[in-house]
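Asker: using only what follows, build the 3D model:
(2 chains, ligands or ions: 2)
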Amino acid sequence: MSEVSLTGITKHYGEFLALPEMNLTIEKGQFVTLLGPSGCGKTTTLRIIAGLETPTRGELVLGGRTMFSDVSHENVPPEKRGLGFIFQSYALWPNMKVERNITLALRQAKMPAAEIEARLEAALEKVQLKGLEDRFPSELSGGQQQRVAVGRLIAARNEILLMDEPLSNLDAVLRTEMRAELKRLSRELGATTVYVTHDQVEALTMSDLIVVMNEGRIQQAGTPYEIYHHPANLFVAEFIGDPKVNLFDAELVVSTTGARIKGAGVDFHLTQPVQHSGGAVKVAVRPEHLCIHTDPKEGAIEAKIDVVQPTGSQTIVSLDMPSQRVTALVAQFRESWPQEQVWIDFDPADAMIFDAKSGVNIVENGQTATQVAAE
Amino acid sequence: MALTEGNITGIRSGRLRRLGGALMSPERVIAIIMAIGLAFLVLVPLLELLRETLTVQPYDKAYLPNATEGDLTTFHYERVFSGRMSAALFYKPFIHSLITATGATVFCLVLGASLAWVVVRTNVPFREAVNTMIVVPYMLPSWVMALAWLTFFKNDRLGGSSGVFVYLFGVQPPDWLAFGALPIIICLAFHYYVYAYLILSGALSTVDSQLEEAGAIAGLSRLRQFLSITAPLVLPALGSAIVMTFIRVVGSFGTPAVLGMPVRYFTLPTQIYAAIGSRNVGDGYLLALVLVLMAILFIWINQRMIGVRKSFVTMSGKGVRTKTIDLGPARWLVLGLVVLLLAFTVILPIGLLLLESLSKTAGNYDLSNLTLHYWIGERGDVDAIHPGVLHNPLILGAAWNSIRLAFSVAILTGVLGFLLGYVVVRTRGTFASKSLEMSAFLPYIFPSVAFGAIYIGMFSRPIGPFPALYGTFFLLVLISSVKNLPYTSRTGIAALLQIDKSLEEAARTQGIGWFARVRRIIIPLASSGLVSGMLLSFIGTMRELSLIILLVTPSTAVLASVIYTYQTDDVPQLIGAATLLLVLLVITFNILFRLCFKNAKLGFA
Ligand SMILES: Nc1ncnc2c1ncn2[C@@H]1O[C@H](COP(=O)(O)OP(=O)(O)O)[C@@H](O)[C@H]1O
Ligand SMILES: [Mg+2]
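Answerer: Ligands and ions are numbered 1, 2, ... in the order given. Next comes the predicted model:
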């Protein structure tokens, strides 16, 4: 049974339409990430789930209970929804010590003192803040403050956890560390988690399901594998992946012998089935799928090495083609190439094809991809 | 994004629900009720005042034998604006008000702006101390300077004792130096410059030097940086400073009463006082209406010219980096000037009043003439009629009234400030929020004396189930609290705005109810801001004269009003002693407050 379900949820701010008709279902225990550029409505969606914003229309069901409905005029206030929420700013109460920040909700719920004590202990243990319970939030570092916010969540033991960019105020090292922590936490609590971020690495590393949003609309909801390898449209293809995907303009010709892609530098037969009658398309190739050859090769395109940026295990290579610039990702440490003139090609099976006008992915998504993800 | 048909209906039904929701949400209900209550306390009195100017008053019977009381009449308008008496009743006081208020405002701005620049933008030594010194005159009642001026320059024009000037030099100072426009302007300016200083230094310190540095990098000259970056940023504050100073000054009663009335140099506030004092309330109210219109006109012009919605700016400058100009050795000169200013505005007046309070016979400042009688003496020793302040039931009673009044107002201010702030901030953007903020701002446009006049008009007889409040202590509490509302609401809103909404939301999602949230999270966090607001209303009420001079009766007299009435008795010693007592009380309570609430910062009302 679905744990979180949004049906036709719409949100206006005055005349401004922040969310046009959102439909989303999340299964129990899933870790779901809302991913998208800033201002696309992620926070709004999360706050609607929490009850901090009232949607204009639609229905919201949490754990089988209708929390909001414009039909039955139900609107359960946030304090009655029993959710955990980590705010981007952590929202620690500055006038209370760590201990009180963690236990205030338990005290308000009139929990027995022994139970509160036990939960506090367990939470402090888990977030490694033992000994700091008598500090005020202002006396903690950013990372520690973040852990207090997590501790507050652990102590409350909610079924559904909502997190709004909880790692964005941390430095890079802490962020990587806390990423693993939060994923573990969600698994250990067995909680359903909705996690908001604009950082694709966080989304790819943590999620069971990624929901890519743009301008209030869901572009694609899928596993990290699907999102990366079978983006539903150009927006998703370009948004996911660092360095960005390479795009080539081309023409799709469909004949009895099969489909063929022709364009500046690209010319190949499609191996995958497509749903298209032919016309202008965009071919997208991930940088890691571009191969660099030092000698001319049948079907390969001429290019010039421009900038070489080793990042450790990989090297980002920018190349100039006559008509455009492309990026390749090489799985080794290189500081330079012996010659400027090189030839690049890619396996047609790795190419993603999008309709040039609508941006929709026209390659039929064989079930193989999902199976890979599920294995 | 184009709106489709469906979207538009969506918006409509959303609006309907929001309207329905508005009836449910407790914050909005409180907001509407408060807005209505406040409007009642401000707008109804104004309409009442207007009505009274248009009806026949008991006093008018002598002039209108055929009219019955309460009839509609333009009699007051004719008499005040075009009658035989109009020059004395209206035109002269009006001109005098314009002269003194404009003069004092200009003076205040020049002084306040220079001081603000010195403190914020130069490397003057002991900046913090300088800042405090500049603000000290604000603690004293505005008319202390006027009393001290009179103590020094009093001449034989009035009969009675002469001042220090005569004692020292043996010649009578000319009238223009002892009374009238010049001394009024000087005395007003050296008190009210504090407002311009605080507003402008606040604005100046929020101008990040990095903005100017960016201008410099973009190739702007120093002058251009100032003209195109700094000045536009400070301009709204300058407008606010002008409006605020002018309204305060033009509605000020004490100083022109001390330095003008003895020589029949009337301004509008003193003329209103005289008219109402002689029961000619119709004319008095009409003059009050003129004052209100002047203030509104001023605010309107300011808003047209500067185009800001609110005519005061936020004073809470966050710690932006401001770069200071090196004055070189001149910085010590500047420090010296500030010390001189403090000497002139605070030390000298207090010293003079102290000297006065210690002399046996007024006007004689010989050492042999010193006495403590007017402080601790019983009646009959040095002075057969007046005992010293500590044995004077009238003064002690008034002092107690002052304290009671200031405390009640401070408490009410704290409660109202919290409610206003919470409701306005939490319903931000709604009609309820805007109307509440607007109502709380309204008392700002009424010069103090005019506001007092309005309240007599309204509360001198029963309204519905409420008895007539005139003559009650409660009326004093009410008017002082209402007049304070513009500042109260601002402190409240500022205090609540500092509390990030997510703090309350975090509690909500954790299932913590409204009362627990307010009690455990909101009030503790807002309290430090609110306490400083309360301290300011306490001090402000202790030294207030203009607002309540028309409303006090012998049983509700406060220290400030008693001091004023002693003016007519020619016992300058007692005036000096009582004034110093008031100053001592203000300072003592100020220190006590600060000890009790260590982390409350000094804001500004
Ligand atoms: N209280 C508000 N009033 C008006 N517009 C808002 C409000 N909150 C958010 N928005 C608008 O709604 C859109 C979505 O915002 P948000 O959900 O915060 O985006 P993000 O994906 O960055 O979290 C933005 O365009 C934002 O400007
Ligand atoms: Mg956001």
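Asker: count of neighbours near the closest residue in space to A:H12 that isn't next to it in sequence?
Answerer: Spatial nearest neighbour of A:H12, chain neighbours left out: A:T56 (4.7 Å); criterion: Cβ to Cβ, 6 or more residues apart in numbering or on different chains. No exception for glycine: its C-beta is placed from N, CA and C like everyone else's. Neighbourhood size, A:T56 [other Cβ atoms under 10 Å in any protein chain shown]: 23.
Asker: repeat that for B:I95.
Answerer: B:I95 is flanked by 12 other residues according to other Cβ under 10 Å.
Asker: ok, residue 288 - contacts?
Answerer: Let's take chain A. Going by Cβ atoms under 8 Å, 6 or more residues apart in numbering or on different chains, A:E288 touches A:A328, A:L329, A:A331.
Asker: try again with chain B
Answerer: By Cβ under 8 Å, 6+ apart, the residues touching B:A288 are B:L49, B:I272, B:V449, B:A450, B:A453, B:I454.
Asker: apply 10 Å and report the result again.
Answerer: When contacts are counted by Cβ atoms under 10 Å, 6 or more residues apart in numbering or on different chains, B:A288 touches B:46, B:49, B:52-53, B:251, B:268-269, B:271-272, B:275-276, B:281, B:446-447, B:449-454, B:456-457, B:550.
Asker: same deal with A:A155?
Answerer: Counting by Cβ under 10 Å, 6+ apart, the residues that A:A155 touches are A:84, A:101-106, A:111, A:116, A:118-124, A:126-127, B:510.
Asker: type out the ChimeraX command that picks the buried ones from these.
Answerer: Here is the ChimeraX command that selects the buried residues among the contacts of A:A155 (16 or more other Cβ atoms under 10 Å in any protein chain shown):
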select /A:84,101,102,103,104,105,106,111,116,119,120,123,124,126,127 /B:510
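Asker: now the stretch 51-200 of chain A against ligand 1: closest residue?
Answerer: Ligand 1 sits closest to A:V196 of the stretch 51-200 of chain A, with a gap of 6.4 Å, by Cβ to the nearest ligand atom.
Asker: now which of the contacts of B:A288 would you call buried?
Answerer: Buried members of the contacts of B:A288, scored by 16+ other Cβ under 10 Å, are B:46, B:49, B:52-53, B:251, B:268-269, B:271-272, B:275-276, B:281, B:446-447, B:449-454, B:456-457, B:550.
Asker: does the residue in the stretch 301-450 of chain B positioned nearest to chain A count as helix, strand or coil?
Answerer: Nearest residue of the stretch 301-450 of chain B to chain A: B:G429, at 8.6 Å (Cβ to the nearest Cβ). With DSSP: H, G, I helix; E, B strand; the rest coil as the basis, B:G429 sits in coil.
Asker: torsion angles phi and psi at it?
Answerer: The phi and psi values for B:G429, taken as degrees, to the nearest 10, are phi 90, psi -10.
Asker: cool, the one 10 residues further on as well?
Answerer: Backbone torsions of B:S439, given as degrees, to the nearest 10, read phi -60, psi -40.
Asker: which residues touch it?
Answerer: For B:S439, the contacting residues are B:31, B:34-43, B:420, B:485, B:489, by Cβ under 10 Å, 6+ apart.
Asker: for the closest residue to chain B within the stretch 251-375 of chain A, grab the count of nearby residues.
Answerer: Proximity of the stretch 251-375 of chain A to chain B (Cβ to the nearest Cβ) peaks at A:G359, 17.0 Å away. Neighbour count of A:G359, defined by other Cβ under 10 Å: 17.
Asker: B:N280 versus that one, what's the distance?
Answerer: 82 Å (Cβ to Cβ, to the nearest Å).
Asker: could you do A:G131 as well?
Answerer: Taking Cβ to Cβ as the measure, A:G131 and B:N280 are separated by 77 Å.
Asker: again with A:Y225
Answerer: Taking Cβ to Cβ, one finds A:Y225 at 91 Å from B:N280.
Asker: quick one: which of those two has more around it?
Answerer: With neighbours defined as other Cβ under 10 Å, A:Y225 and B:N280 compare such that B:N280 has more, 19 against 16.
Asker: so that one sits against B:D60, correct?
Answerer: Yes: in this structure, B:N280 is within contact of B:D60 by Cβ atoms under 10 Å, at 8.2 Å.
Asker: need the pLDDT of B:G219.
Answerer: According to the prediction, B:G219 has pLDDT 62.
Asker: to clarify, my last question referred to A:A180.
Answerer: 90.
Asker: for it, what are its contacts?
Answerer: Counting by Cβ under 10 Å, 6+ apart, A:A180 touches A:T205, A:M206.
Asker: packing partners for the helix or strand where A:L247 lies?
Answerer: Here A:L247, judged by DSSP states H and E, is contained in strand A:246-255. Strand A:246-255 is packed against helix A:234-239, strand A:258-263, strand A:267-269, strand A:279-285, strand A:325-330, strand A:352-355, with contacts defined by 3 or more Cβ pairs under 10 Å, 6 or more residues apart in numbering or on different chains; DSSP states H and E.
Asker: hmm, back to that, doesn't the residue of the stretch 51-200 of chain A closest to ligand 1 belong to a strand?
Answerer: Yes: using three-state DSSP, the assignment for A:V196 is a strand.
Asker: surely it touches A:T33?
Answerer: Yes: counting by Cβ under 10 Å, A:V196 touches A:T33, with 7.4 Å between them.
Asker: what segments of the stretch 201-350 of chain B are helices?
Answerer: Assignment of helices within the stretch 201-350 of chain B using DSSP state H, counting those that start in this stretch yields the ranges B:209-217, B:222-225, B:231-250, B:254-259, B:268-277, B:281-306, B:330-342, B:348-357.
Asker: by contact count, what packs against the fourth one?
Answerer: On a contact count with 3+ Cβ pairs under 10 Å, 6+ apart, helix B:254-259 meets helix B:92-121, helix B:144-153, helix B:181-206, helix B:268-277, helix B:559-566.
Asker: tell me the mean pLDDT over that helix?
Answerer: Mean per-residue pLDDT for helix B:254-259: 91.
Asker: tell me the pLDDT of the spatially most central residue of chain B.
Answerer: Central residue of chain B (Cα atoms, centre = their mean): B:R248, 5.9 Å from the mean position. Looking at B:R248, its pLDDT stands at 88.
Asker: please apply the same query to B:A2.
Answerer: For B:A2, pLDDT reads 39.
Asker: where does pLDDT dip in the chain?
Answerer: Going with chain A. Scanning chain A for pLDDT under 70 picks out A:1, A:366-375.
Asker: wait, chain B was what I had in mind.
Answerer: Scanning chain B for pLDDT under 70 picks out the ranges B:1-25, B:208-220, B:229, B:306-323, B:363, B:380-384, B:598-605.
Asker: just give me the longest helix of it.
Answerer: When chain B is parsed with DSSP state H, its longest helix is helix B:393-426.
Asker: next one: chain A
Answerer: The residue-count maximum for a helix in chain A (DSSP H) belongs to helix A:172-189.
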